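Colleague: my questions concern the predicted model and sequence given below.
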Amino acid sequence: MSAVVENTATVVHANWADDRLHLWCENARRFKDRVTSRSTDADPSDAAPVHPFADAFEDIKGEFSKVVLRLPVSGTGPLPSHAFGMLTGIDAEDLVSVGIGEFEVPTIVVDPADAGRVLEALIERGEDDDQFVAGPGVQYFVAASRLAAHLVAGHRFVPMLLQDAAGELTGRWDPWLSDEMTTKRLGKLVRSMPGAARAVPDAHAHDAWSITAEFLAHATDALCRKTLLAEDMYDTVEDADPDTDLQVAWLHGLLGDGDGVPTVSAQRGDITRRVRKWISELEDRGESSDWRFGLRLSEPITDNLPQDIDEPDSSVMWSMSFFLQSQDDEEIVIRAADIWLISRDRIVIDGLTLENPQELLMGELGRASRYYKKLEEALDETEPIEVLLETKEAYRFLREVRPVLIEQGIEVRCPPWWESQAGRLGAKLKISSDSMEAMMEDGSGDGEAAGPQLGLSTLVGYHWEIAIGDTTLTLNEFEQLAQKNSPLIRIDGQWVEIRPEDVENAISFIRENPGGEMELGDAMQLALSSDAAQTGLPVTGLEATGWVSSMLGGNEDGASIELPIISAPDTFLGTLRPYQERGLSWLAFMERFGFGACLADDMGLGKTIQLLALLLYERQAEHLAVEGPTLLVVPMSVIGNWMKEAEKFAPSLKVLVHHGVDRHQGEAFEEHAAKSDLIVTTYALVHRDHDLLEKVKWGRMVLDEAQFVKNPVAKQSQAVRSINAPRRIALTGTPVENRLSELWSIMDFLNPKYLGNAGTFRKKFSLPIERHRDQAKMDKLRVMVRPFILRRLKTDPNVVSDLPEKIENKEWCPLTTEQAQLYENCVKRMLTDVEQSEGIHRRGLVLSALIKLKQICNHPAQMLKENDPQYGQTIDPLRSGKCTRLLEMLDEIMAEGDQALIFTQFRQMGHLLVNMLRHELGREVLFLHGGTPQGQRQKMIDTFQEATGKNPILLLSLKAGGVGLNLTAANHVFHFDRWWNPAVENQATDRAYRIGQTRTVMVHKYIVRGTLEERIDEMIESKMELAENIIGHGERWLTDLGTDKLRELLSLRADTIADEM
Amino acid sequence: MATPKKPTSSDDSTPKKTAKKSAAKKTAKKTTKITTKAAAKKVTKKITPSKSPPPPPPGRSVKVVKTPQLGIHVPSAPKKNKPQYASFRSSRKSLVNPRRVRGGVKLKNKGTDDVQNWVTQRIMRVAEAGAAPDHYRDGMEYATLGQTKRLTIEGTLCEGIIQGRSDKPYTTTLGFSAFTIEVQDKIIKAMGEQVRYAAKLLAGELPSNIEDVFAPLGIKLFPSEAEEIAPECTCPDWDKENRWCKHAVCLSAILAEKLADDPMLIFGLHDMPGSELIEGLRQHRSVGTQGPGPAPVLAAHVPGVSDVSSPPLEDVLDTFWDVGDGLQELDTPIARPEVSCVLLRRLGPSPFSAGSFPLVGLMQTCYELIGNAVVEDEESDEPDQ
C-alpha cells in the first residue's frame, strides 16, 4: 500500500528560435535529481546557467540543440510550470514567481514542415496519458500551425520576396494576413500567446506578433514547398534564364528547395519595387475611408416573366447599379444616379459629408474594374449608373467575382436567396413507416411478442427526391430543367442556383437510387451524415411519416416528441415530477421500438428513480413484461445509492447486488439472478465475471454513469458491449455530446454499429470536431444522435418549473479495503482500551477514536497524517470511497460549467483535498479556512463569485465558512463529512442557497455505508429519542455509551467494502 | 542675447489675420513641445550663436511679452532665429514698391505670437544666410504683399513667377537635390525603425527631430547652406557668384510656409514622392517588432495585431504558463476555398511586363497544387489506433 504514486509526469514545451521549433520538457525524474541550490553568481562565465530540471524531449526524433529561455524564478531557481506543478502535487504557493531569469535548456529541434504533425501528436498523447501534458507552448504552436494550414488550404498565401541586410534576395511563400477574416483569427491567436511561448531572448524581443508572424511564414513556406517539390514544379523554370527575366529569377527562389533569387545588384531595386507594388494591390481598399463603393445586383423585373420553371432567355437582364455607402452608418447609401443628378462637389446627408462624390465614384469604379472587366463598359459612359448583365453573367458574378470584390473592400449587395440553403439543389430522403397508433396496438396484443421488434435494423420504405428549396421535382421535371442549361432558374417565382456540376450528379444519383426498402439505421446515416462527396450532391433533408417521424421529431429536451405519457405506477413510492414522467415515457417509447436510449439528465434530476419507475411500470402492465432480469452496471461508488433508492422508492423490486468477495458464483448466481428483478454489479466485475454474466438471459442492460465506458478499447468497455441484452439504456449526467469517445462508446453500446466503428468515427467526427472545432461536423453528429439522447438541464424552463429551489441528496459511499482494515483496527483497539479505563480518560479515548474513525472515512491519509505533500507526491483518491465519488461528481459538475462548495470540518482534510483536486482535476482549488488572512479571504470569495470557470471549486472549513459569506456562484454544496447538526449544516448550505441564487441548489451529503456515519444518520432519520442528544452536541454523547453499545454502533457492517476481491 | 520678442505695433499685415491664423496657431502649439526639445538641445550646444541676429531695424518698437510663460519651459533658442524673420514685419511702411499683384500667393502666417514652425525657420535661416540683409528684408516684404504670381513645384524644382518693380515678372527657381534610390531605401529603413515617425508622417506631421534620424546616415533632409537650395532668377540683381536676390528670398518664404503646412513636400523636392515614402513606411510599420533575418519587401500590417506590442515577461508572471482563452475559440477547419486563387485574382496581371514568362498562370497551378495537397492531407488523416 504505497502512499506515493510513482510519478512519470512530463510536460512538453515548445519555443521558436533560430527559424526552428525547439521541444523540451520538464519531467519528474529530472526534477527529483535536480540541484536546487545552484549559485548563479559563482558562474564565472556570462552564459545563462543550465536549467536544473529541463530536458530535451527525446521522444521525438530530431537534432539535439539548446536554447536560452527567460523563465519565472523563485529565490532558488526556475519554477516548475503550472501544469508540472499540478502533476507533481506542488502547492500553488510554492509556484509564486519573484521575477525572470535566464536559463539554458537542452532541446530537440523540429523542422517547420513537420511542426504541425509532431505537435498534434503531442496533444493527442496528452489526451490519452494522465501523466503527460502538452504545455502551453505546444498548444500555442499547434494552433498557429493549424492556422497556417488553414490559410494554405484556402489559397490565402502569396509569393514573397525577401531582402537581407546585404541586399541578397530570397523567395518565400508567406501567409497573407491582412484580410479581415484572417485578422480576427490572428488577433485571437496572438493575444492568446503565453509568456512561455515567447521566452526566447532574441531579435523578436519577446514580441508575440513578431514571433508568430515568423513562425507562420516558415510554416506556410514549408507547406508550400513540400508540395511544389513533390510535384517537381521547379522543372518549369529550370531551363529558363533568370538573367533575362526577373520573373524566372523570382520563381527560382519559390519553386525549388533553395530560396535564392539569382539577381545582380542592379536588378534588385527593380524587382523588389515591382513585387512590392504588385502585392500591395491586395491592400488597396479604396481612396476614401469614410465612404465605400458598392454594387447592387438586382433580379430582372419579374412582371413579365413566367412564374414557373423557365429559362430566362437572353433578353432578361440583371442590373448592377453603383452606390456609395457610409462607413459610419451602413444604412446611408447614395446611389450613383443621385450623385449625377445632384451634381455637387459636396453632398451632406444626415450630417455626413461626402466630398467630390463624382470623382470618388469614378475612381472606385475604375478600381473595381481591375477585378471585374465588365465594369469597364461603365467607364466609357459619362455618367455611369449601372451595367446590365445576362443571366449567365450574373451567375458568374455571384459565384466568382463577388467574393473577390468583397475582399477588396467593395460592398456587394445581392438578392437574399443567393447563398441561402433554400436556394440550393439537393436530394431529399423520404421514409415511410406505419402510424404510431398501429404500432402500439400491434405490440399490445400478446405478451409473447412484447420484446423489441424494430430498432435500427427495421426495414422502412424510402425513395429519393430532388429538392430545390421547398420544391420537390420528379426526375423527369428535373431533366427538362437541366436541359435549359442555365445556372440560375426560376421556380415558383423564386430564383434558385443550379450548379452545373450538380445537375449530372443529381440525375445519375436518382437513377442509381430508385428507392425501395432499407434498414432504418442506414437510412438515417445516409440522410443525416452523408456528405456531398459520397452522394454527388448535397442531401438536404429527411422526411418521414409514421412512428419514425415521432422518433426523429424530438428536440434535445424531448419536450416536443409526441409520446403517449405514462404515469408512475402505484408500486412506485413517491411522486414523479412532470419532466420525470416524460423521461419515463420516452424510455418506454424507445424500448418499444427497439432503440437503445440514453437518459442524460443533469446531475440531481433523478435519473435513478426514472429507471426504477420504468422497471415497476413494465411489471405492472402484464403485456409489457420483460423476460429476464435487468442487469445494472454501476461504478462501485454508487452501489450504496442504488440500494438505498430502490429500498425507498421501489421496495417491491427484488434487487440483488452482485459484488464483494462473497458474491454468488456459478449456478447459484444464475438461480438468484433468475429470481431477481434487478441485479446490480460494477464495471470491474462485468469484465472479471464476464463468463458468468453472459450465461444469464437478460431482459435489459443498463449502464449508470455510462461515461465509465469512455475508452472504447478498455477491457471493461468491451466486456460491457459484448453482453447480450435486447434492451439497452445508458444513464449519464455528463454532456456526452461534447466528449466524443464517450459518445461513441455509449452509442455503440445502445445501438451497435450506428455510428460506425471506432476508427471511422474518430476520423470522421472526433478529429475534426475536437481538434479543429468543425462546426458543420458537430451539427451533423448532433442531428444523428439526437433521437437517442434525452438530456434535460437544471436550467431548462420545462424542468425549472418542476424543481424545488433546493434538493438535498445523500451520497452513500463505500469503504475501500484499506479504509475498512484501518476502521476495524481502530474500533478494536478502542474497545479494548475503554474496557480498562474510566471517567475522563475513557471519554477522551472514545472521543479521539471517533475522530480517527471519521478521518478514516474521509481518507486513510488523513488519519495516517500523510498530509504533508512533498514535491512529487500526490494523494491517491482511489484509497477513499468518498474521494472517488467526489471526483466523479465534480467531473460532471465542471463539465456542466457549474461551481461547487465543499465543506469539511477538518482543516487538515481541506489541505489534503486541495492537493488531490488540483492534481486530479488540473485546476486551482480555493480553500478558505480559519487561518486564511482577511484580505485573502475576500479575494478568494471575489474570485469564486466571478465564476470565470477557472476556479469552480471552493473548499471551506465548516467553522470558517459557516456564516456570513455570500457564495451564490455555487449551485452545488457538498458536506464531505458530517457535523450531525442540521442547523449548522443548513447554515453552511445557505452560503449558496440564499438571496441572489437563481438556480436550484443541489446539496450532497456524504455518508459512508456501514460505518458510524450511517448509524448516526439512521438515528436522526428515525427521530429516535437519542437523536435529540445528537443534534447540537456533536459526538460527545457517544462518550457516555457503554462498551456494548459502542461496539454495536461502531462495528463495521458487512458487504460495504468497495474492493471486489 | 536676444529674448523672445514680439512686434506689437500694428503693421500693414494686421488686417489679414484671418481665421486661418487660429488654425495655424493650433498647429504651431502642437509642435511647440517638440520644437523646444530640439531647440533646447541646440541651445546648449551653441551658447553663442554663430550668426548673431541682425539688430532690430531702426524705428521698430519692441516689447517683450509673455516671457515668463515661455521662460518656464522654453529656452530662448527657438526665438533666437525668429527676429530675422519677424523683423521685416515691422511697423514701417513698405519701403519696396513693386507693382502690386492681384491674387498673388501671400504669406498667410504672419504676426504670429507663437514660436514659428521649425520647418519655416530652417528654410529662412538659409535664405537669410544667402541674402544681403536688405534683399532679405525686401524679399520678405514681397512675400507678405503677395508678389508671387504663381508657384509650381515640379520634381526637385520650385518655380515662382514674381512680380517686381519692372513690368515683366521674373522667374525664380529653387532647386533641390534628388535622393538616389539607395538613399531613399536608407531613409525608409531608418524612419521605419522608429514607429513614432511613421505615425506622425502618416498624420501629415513632420517630427521636428526627424533630422536626428538622417544625420547619422549623412543625409540632409532640409538645407542648411545657401548652396543647397541653388536659387536662380531672371532679375538683373541675380548674380550667381554673389548673394540671393529678393525674389529668391520671397520664393523661399512662400515655399517655407508651404512646407510648414505640408512637410511631406520636402521628400517630393528630393524626388521622393511622399506617397512612396508612406508606402515604404507602411511596410515598415511593424518594424521594431520585426524579427531577425531577411525582411519581406512587403511586411504584413495587421491592424490591432502587428501594431500592438506584448507586455514584458516580467509583467505576466502570473499567466506565464497560461494560454489565453482565445486559443480555444480559434476555429480553423481546413477546407477548399470558396473561390480558387482568390488572392491571385485580386493581384491581377504580372508586375513584370517585359518577361514573356506566364507568371500568373504558373502561380495558379502552384496555388491549386498546394491547396489541394493540404486538404487531401487533412482528409486522409488516418486514425492512429
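Modeller: Sure thing, it's come through.
Colleague: so which strand or helix has A:Glu214?
Modeller: Here A:Glu214 sits within helix A:208-230, counting by DSSP states H and E.
Colleague: let me redo that: A:Pro415
Modeller: Counting by DSSP H and E, A:Pro415 is found in no helix or strand.
Colleague: over to A:Met362: give its phi and psi.
Modeller: Main-chain dihedrals, A:Met362, degrees, to the nearest 10: phi -70, psi -40.
Colleague: residue contacts, it?
Modeller: Going by Cβ atoms under 8 Å, 6 or more residues apart in numbering or on different chains, A:Met362 touches A:Leu379. Heads up, the C-betas are built off the backbone N, CA and C, glycines and all.
Colleague: quick check: it vs A:Lys374, distance?
Modeller: Separation of A:Met362 from A:Lys374 (Cβ to Cβ, to the nearest Å) stands at 16 Å.
Colleague: re earlier: quick check: mean pLDDT of the helix holding A:Glu214?
Modeller: Averaging pLDDT along helix A:208-230 gives 93.
Colleague: just checking, what packs against the helix or strand following that helix?
Modeller: Counting by DSSP H and E, the next helix or strand C-terminal to helix A:208-230 is helix A:235-238. Judged by 3 or more Cβ pairs under 8 Å, 6 or more residues apart in numbering or on different chains; DSSP states H and E, helix A:235-238 is in contact with helix A:246-255.
Colleague: which secondary element of the chain has the worst mean pLDDT?
Modeller: In the absence of a named chain, this looks at chain A. The weakest-scoring helix or strand in chain A, judged by mean pLDDT, DSSP states H and E, is helix A:436-444 (a mean of 57).
Colleague: chain B, not that one
Modeller: Here the helix or strand of chain B ranked lowest by mean pLDDT, DSSP H and E is helix B:67-73, holding a mean of 33.
Colleague: surely A:Ala544 is in contact with A:Leu552?
Modeller: Yes - the pair A:Ala544 / A:Leu552 is scored as a contact, 5.8 Å apart, by Cβ atoms under 8 Å.
Colleague: neighbour count winner among the two?
Modeller: Between A:Ala544 and A:Leu552, counted using other Cβ atoms under 10 Å in any protein chain shown, the more crowded position is A:Ala544 (22 against 19).
Colleague: spatially nearest residue to that one, not counting backbone neighbours?
Modeller: The shortest distance from A:Ala544 to any non-neighbouring residue, by Cβ to Cβ, 6 or more residues apart in numbering or on different chains, is to A:Ile431 (4.2 Å).
Colleague: hang on, the one you found in a strand?
Modeller: Yes - counting by DSSP: H, G, I helix; E, B strand; the rest coil, A:Ile431 is located in a strand.
Colleague: pLDDT score for the residue nearest to A:Gly455 when sequence neighbours are not counted?
Modeller: In space, and not counting its chain neighbours, A:Gly455 is closest to A:Gly594: 3.1 Å by Cβ to Cβ, 6+ apart. At A:Gly594, the model reports a pLDDT of 85.
Colleague: A:Arg490 too?
Modeller: At A:Arg490, the pLDDT value in this model is 78.
Colleague: grab the CA positions of the host helix or strand of it and hand them over as CSV.
Modeller: Assigned by DSSP H and E, A:Arg490 falls within strand A:488-491. C-alpha atoms of strand A:488-491 as CSV (Å, rounded to 0.1, in the frame of the first residue of the first chain):
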residue,chain,number,x,y,z
LEU,A,488,-30.0,30.4,-62.4
ILE,A,489,-33.5,29.5,-63.0
ARG,A,490,-36.9,30.5,-61.6
ILE,A,491,-39.1,28.0,-59.8
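Colleague: near chain B at all, whichever helix or strand comes after it?
Modeller: Sequence order places strand A:494-497 as the next helix or strand after strand A:488-491, per DSSP H and E. No - using Cβ under 8 Å from any Cβ of the partner chain, strand A:494-497 never reaches chain B; the gap is at least 13.5 Å.
Colleague: list the helices and strands the helix or strand following strand A:494-497 packs on?
Modeller: Note on strand A:494-497: by DSSP H and E, the next helix or strand toward the C-terminus is helix A:500-512. Packing partners of helix A:500-512 (3+ Cβ pairs under 8 Å, 6+ apart): strand A:425-432, strand A:459-468, helix A:475-483.
Colleague: buried stuff in helix A:500-512?
Modeller: Buried residues in helix A:500-512, defined by neighbour count with 16 or more other Cβ atoms under 10 Å in any protein chain shown: A:502-503, A:505-507, A:509-510.
Colleague: residue of chain A nearest chain B, please.
Modeller: A:Ser192 (3.2 Å; Cβ to the nearest Cβ).
Colleague: tell me the phi and psi of that residue?
Modeller: Backbone geometry at A:Ser192, expressed as degrees, to the nearest 10, gives phi -80, psi -10.
Colleague: just the C-alphas of stretch A:824-834, formatted as PDB.
Modeller: The C-alpha coordinates for stretch A:824-834 follow below in PDB (Å, rounded to 0.1, in the frame of the first residue of the first chain):
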ATOM      1  CA  GLU A 824     -11.800  -2.200  12.200                       C
ATOM      2  CA  ASN A 825      -8.400  -2.000  13.900                       C
ATOM      3  CA  CYS A 826      -9.300   1.300  15.300                       C
ATOM      4  CA  VAL A 827     -12.600   0.100  16.700                       C
ATOM      5  CA  LYS A 828     -11.000  -3.000  18.100                       C
ATOM      6  CA  ARG A 829      -8.200  -1.100  19.800                       C
ATOM      7  CA  MET A 830     -10.600   1.500  21.300                       C
ATOM      8  CA  LEU A 831     -13.000  -1.200  22.700                       C
ATOM      9  CA  THR A 832     -10.100  -2.900  24.400                       C
ATOM     10  CA  ASP A 833      -8.800   0.400  25.800                       C
ATOM     11  CA  VAL A 834     -12.100   1.600  27.100                       C
END
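Colleague: who's in contact with that stretch?
Modeller: A:842, A:845-846, A:849, A:852-853, A:856, A:863, A:1043, A:1046-1047, A:1050-1052.
Colleague: which parts of that stretch are buried?
Modeller: Neighbour-count burial for stretch A:824-834, with 16+ other Cβ under 10 Å as criterion, is recorded at A:826-827, A:830-831, A:834.
Colleague: let's see which of the residues you listed end up in helices.
Modeller: Mapping these onto helices (DSSP state H) picks out A:826-827, A:830-831, A:834.
Colleague: in JSON lines, list those along with pLDDT and distance to A:Ser97.
Modeller: Putting those into JSON lines (pLDDT from 0 to 100; distance: Cβ to Cβ, whole Å) gives the following:
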{"residue": "A:Cys826", "pLDDT": "92", "distance to A:Ser97": "43"}
{"residue": "A:Val827", "pLDDT": "91", "distance to A:Ser97": "48"}
{"residue": "A:Met830", "pLDDT": "88", "distance to A:Ser97": "48"}
{"residue": "A:Leu831", "pLDDT": "88", "distance to A:Ser97": "53"}
{"residue": "A:Val834", "pLDDT": "85", "distance to A:Ser97": "53"}
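Colleague: can you report how many residues lie near the nearest residue to A:Asp257 once chain neighbours are set aside?
Modeller: The shortest distance from A:Asp257 to any non-neighbouring residue, by Cβ to Cβ, 6+ apart, is to A:Leu229 (5.8 Å). Using other Cβ under 10 Å, A:Leu229 has 13 other residues around it.
Colleague: next one: A:Asp338
Modeller: Using other Cβ under 10 Å, the number of residues around A:Asp338 comes to 16.
Colleague: what helix or strand is it located in?
Modeller: For A:Asp338, the enclosing helix or strand under DSSP H and E is helix A:336-342.
Colleague: now for that helix, which elements pack on it?
Modeller: Applying 3+ Cβ pairs under 8 Å, 6+ apart, we find helix A:336-342 packed against strand A:317-326, helix A:357-371.
Colleague: so the last one versus strand A:317-326, what angle?
Modeller: Taking axes from the mean of the first three to the mean of the last three Cα atoms, to 10 degrees, one finds helix A:357-371 and strand A:317-326 inclined to each other by 120 degrees.
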